[in-house]
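**Student:** sequence first, then the predicted structure, then my questions.
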Amino acid sequence: MQIATKELVWNLVDVKEENVVRRHCSNCGKVVPFYDTTVRRHNANGKTIYRFAIFKCEKNHTWNKKLEIYKTYTDHVRLKEERVTIDLEKIELSLEEFKGAGIQLVCINIGEVMGTFRLDKTISDKFTDSSRSEIARKIKEGSIRMNDNVVKPSSKIAENSIITISL
């Protein structure tokens, strides 16, 4: 009898790691990492509007990164535009839907990993129908394995790992 399997490929990128700029902080007096606060600001100078992203260093000093410049008339023609990326990692999955479709085994191939990711938290974030404690219990029972080994729920996910979930 053949086992019905669902194959997934995940690239894990920590948003905090992605939006870090190393530059000289005039208040700290040295090169330090600046983190994106996700706050955006607009400033008008005559007929030109500037859009800024506000970054902060560890000591809470700010730096405004210029994102785009556009004119004030109604068409808002952009002179310089920031690159927009769509986050495909926001897609939510359901273990119950896979189980209902007759799938008995879910294999997740981990590609690139940028940052630190716990096994239990990452799986519970992606599969919305299971809580973190349920996922931790399944990991301890051995129905969720990493590289065919029973591991702790707090184990860190490494590149080229294979996570298997038995349904």
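**Tutor:** Cool, got the structure. Residues are numbered from 1 along each chain as shown.
**Student:** direction included, what does the longest strand along the chain pair against?
**Tutor:** Using DSSP state E to define each element, the chain has its longest strand at strand 30-45. Paired strands of strand 30-45, with direction, are strand 20-25 (antiparallel), strand 48-56 (antiparallel) (DSSP bridges).
**Student:** who's in contact with that strand?
**Tutor:** The contact list for strand 30-45 (Cβ atoms under 8 Å, 6 or more residues apart in numbering) reads 16, 19-25, 49-59, 63-64, 67, 72. Any C-beta I mention is one placed from the backbone N, CA and C, and that applies to glycine too.
**Student:** mean confidence score for that strand?
**Tutor:** In this model, strand 30-45 has a mean pLDDT of 86.
**Student:** turn the strands paired with strand 30-45 into CSV, columns for mean neighbour count and mean pLDDT.
**Tutor:** Shown next, in CSV, are the strands paired with strand 30-45 (neighbours: other Cβ atoms under 10 Å; pLDDT from 0 to 100):
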stretch, mean neighbour count, mean pLDDT
strand 20-25, 13, 89
strand 48-56, 17, 87
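**Student:** pLDDT of the lengthiest helix in the chain, averaged?
**Tutor:** In the chain, taking DSSP state H as the definition, the longest helix is helix 132-141. The predicted model gives helix 132-141 an average pLDDT of 92.
**Student:** ok, now stretch 8-19?
**Tutor:** pLDDT averaged over stretch 8-19 gives 70.
**Student:** let's see the longest strand of the chain as CSV, backbone CA atoms only.
**Tutor:** Presented in CSV, the C-alpha positions along strand 30-45 are these (Å, rounded to 0.1, in the frame of the first residue of the first chain):
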residue,chain,number,x,y,z
LYS,A,30,30.5,54.0,15.4
VAL,A,31,29.0,51.7,12.8
VAL,A,32,26.0,50.0,14.4
PRO,A,33,23.0,48.0,13.0
PHE,A,34,19.8,50.0,12.5
TYR,A,35,16.5,48.2,12.6
ASP,A,36,13.4,49.1,10.6
THR,A,37,10.6,50.2,12.9
THR,A,38,8.0,49.8,10.1
VAL,A,39,7.0,53.4,10.7
ARG,A,40,6.7,55.6,7.5
ARG,A,41,6.8,59.3,7.4
HIS,A,42,6.0,61.9,4.7
ASN,A,43,7.7,65.3,4.4
ALA,A,44,6.8,68.0,1.9
ASN,A,45,9.3,70.5,0.5
